[in-house]
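*Asks:* Take a look and give me a structure for this.
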Amino acid sequence: MSAIALGLLTFALLFVLIFAGIHVGISLIVASIVGIWLAVGDFKVALNILSTQAYIGVKDYVYGVIVLFVLMGLFANLSGASGELYKAFNVMFRRVRGGLGMATVGANAVFAAITGVSVASAAVFSKLALDPMTEYKYDKKFALGIIAGSSVLGMLIPPSVLFILYGMLAEVSIGKLFLAGILPGILLSVIYCIGIFLMVRLKPSLIGGNERDVRKFNREDLKAIVRIWPIALLVLLVLGGLYGGFFTATEAGAIGAFGAFLLVLFKRKMKLKEFWGTLIETGYTSASILFLLIAAGMYSKMLAMAGVIQMLDRFLDNLNLGSTVLIVICLIILLILGMVLDSTSIMLITMPLMLPFVKSMGFDLIVFGVIVVLVVEMGLLTPPFGMVPFAMKSALKDRAKIEEIFSGSVPFLLMMAIAVVILMVFPQIITWIPYSVAN
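*Replies:* Numbers count the residues shown, from 1 in each chain. Here you go, the predicted structure:
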């Protein structure tokens, strides 16, 4: 069987299995077994090759970064950090029109630096931010869009589960990816705040016409801001240590997890039941991610052995398209897949195919990784299966319709597209911090 036919067959099989409701990891393994079996002609040899790949897939200690950052995020959430962040940013932005919306963006940006999961941010801030914005007569779709849009910062601002996955698949430094995500995360946050300001300026009815709180700064306001110092210290410790080169990403995860644990103790939120539940959830989440990485490794092995990657590389060379055009095509494919698949599945399915020719073009893999994560995150907001709107719907139940959330997210999708264009034109925004550390 030719590489083209084998590639198309296994890719079709993969999508059929996923849309049939089979777990993406199982789907990747089945497609890998079938692909190598057809390539070598021996079922037992196919199983032996893939069992070896499973053994070597996650044996390196660097994979501990997944467990540690998941644990850090869960402990931070247990400490009540999200609520304190939201109150503090409300104080800072309350005198600005659209200030509650900007506060949601700011709080989500900082919360992203300790969680790394967009869906978690969406669920948490749906409960925290919607009521205050409703009280100030924010347009409901506008308020829901702010929450949905700002929640995607969870995967862009480090630590990020998608950066960890990409780093493993692309074999690039996770620490550099974390550092590379800082400025793009800040850029997107600023674009969101500017967008909110312009939207309420052009259409005051989005915030009921008058939302500014002109009360003088008082002692309670100061307390609200000061109360977030442990969270700020934790973020500075983890990211500052990475930036300063004092420890690796794995060591940063360990320090962050321990710091978040101390934060729970400091806030007196530690109870045996919640502590045990956090450890169990960490185990479930980490095991799921590691299993997916093993499956993705098998899939990559199959593509290489069957000659699919080499065939695709030759095909793209023959097209004589520029590297920028090819990258844009890749991003469009990711965006389309985001309408029907979750972000993890997209990364695991597409990166083994895309990364080899991205490397061959000499495109910076750190830059590509950040842009890929941002585009994949756009998929979290797109209908019909965007994960963030569904997470918000689950958290809000009957208080919001799924159509309202998708509709409210549209302006923020456009703002994300603007961020992608800026990063494509000025990749130095991505590379400045990680390469300045290396030098």
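*Asks:* hey, let's count contacts and neighbours off CA atoms from now on
*Replies:* Fine.
*Asks:* Tell me the buried residues in stretch 228-248?
*Replies:* The neighbour-count check on stretch 228-248 (16 or more other CA atoms under 10 Å) flags 228, 230-232, 234-235, 237-243, 247-248 as buried.
*Asks:* mind listing the helices for the stretch 51-200 of the chain?
*Replies:* With helices called from DSSP state H, counting those that start in this stretch, the stretch 51-200 of the chain shows them at 64-78, 81-93, 99-115, 118-135, 140-151, 153-156, 161-170, 174-180, 182-202.
*Asks:* what sits up against the shortest one?
*Replies:* Under the criterion CA atoms under 8 Å, 6 or more residues apart in numbering, residues 108-109, 111-113, 115-118, 121, 160-163, 181-182, 184-185, 188-189, 370, 373-374, 377 lie in contact with helix 153-156.
*Asks:* So for Lys401, what's the pLDDT?
*Replies:* As predicted, Lys401 sits at a pLDDT of 87.
*Asks:* and the residue nearest to it when sequence neighbours are not counted, what element?
*Replies:* Leaving out its chain neighbours, the residue that sits closest to Lys401 by CA to CA, 6 or more residues apart in numbering is Lys393, at 6.9 Å. According to DSSP states H and E, Lys393 maps onto helix 387-396.
*Asks:* got it, and Asn318?
*Replies:* If you go by DSSP H and E, Asn318 is part of helix 308-319.
*Asks:* which element follows that helix toward the C-terminus?
*Replies:* Counting by DSSP H and E, the next helix or strand C-terminal to helix 308-319 is helix 323-338.
*Asks:* other SSEs contacting the very next helix or strand once past that next one?
*Replies:* Remark: after helix 323-338, the chain's next helix or strand is helix 343-360, criterion DSSP H and E. Here helix 343-360 touches helix 161-170, helix 272-305, helix 308-319, helix 323-338, helix 365-379, going by 3 or more CA pairs under 8 Å, 6 or more residues apart in numbering; DSSP states H and E.
*Asks:* hmm, who's touching stretch 264-273?
*Replies:* Contacts of stretch 264-273 (CA under 8 Å, 6+ apart): 75-76, 78-79.
*Asks:* could these go into JSON lines alongside pLDDT and distance to Leu293?
*Replies:* Formatted as JSON lines, these follow (pLDDT from 0 to 100; distance: CA to CA, whole Å):
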{"residue": "Phe75", "pLDDT": "85", "distance to Leu293": "24"}
{"residue": "Ala76", "pLDDT": "80", "distance to Leu293": "25"}
{"residue": "Leu78", "pLDDT": "83", "distance to Leu293": "27"}
{"residue": "Ser79", "pLDDT": "81", "distance to Leu293": "30"}
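*Asks:* out of those residues, who has the most neighbours?
*Replies:* Phe75 (31 neighbours; other CA atoms under 10 Å).
*Asks:* doesn't Phe258 make contact with that residue?
*Replies:* No: Phe75 lies out of contact with Phe258 (CA atoms under 8 Å); the separation is 9.0 Å.
*Asks:* Specify which residues of the stretch 251-400 of the chain, grouped into ranges, have pLDDT under the cut-off.
*Replies:* By pLDDT under 70, the weakly predicted segments of the stretch 251-400 of the chain are 309-310, 312-313, 316-317, 340, 385.
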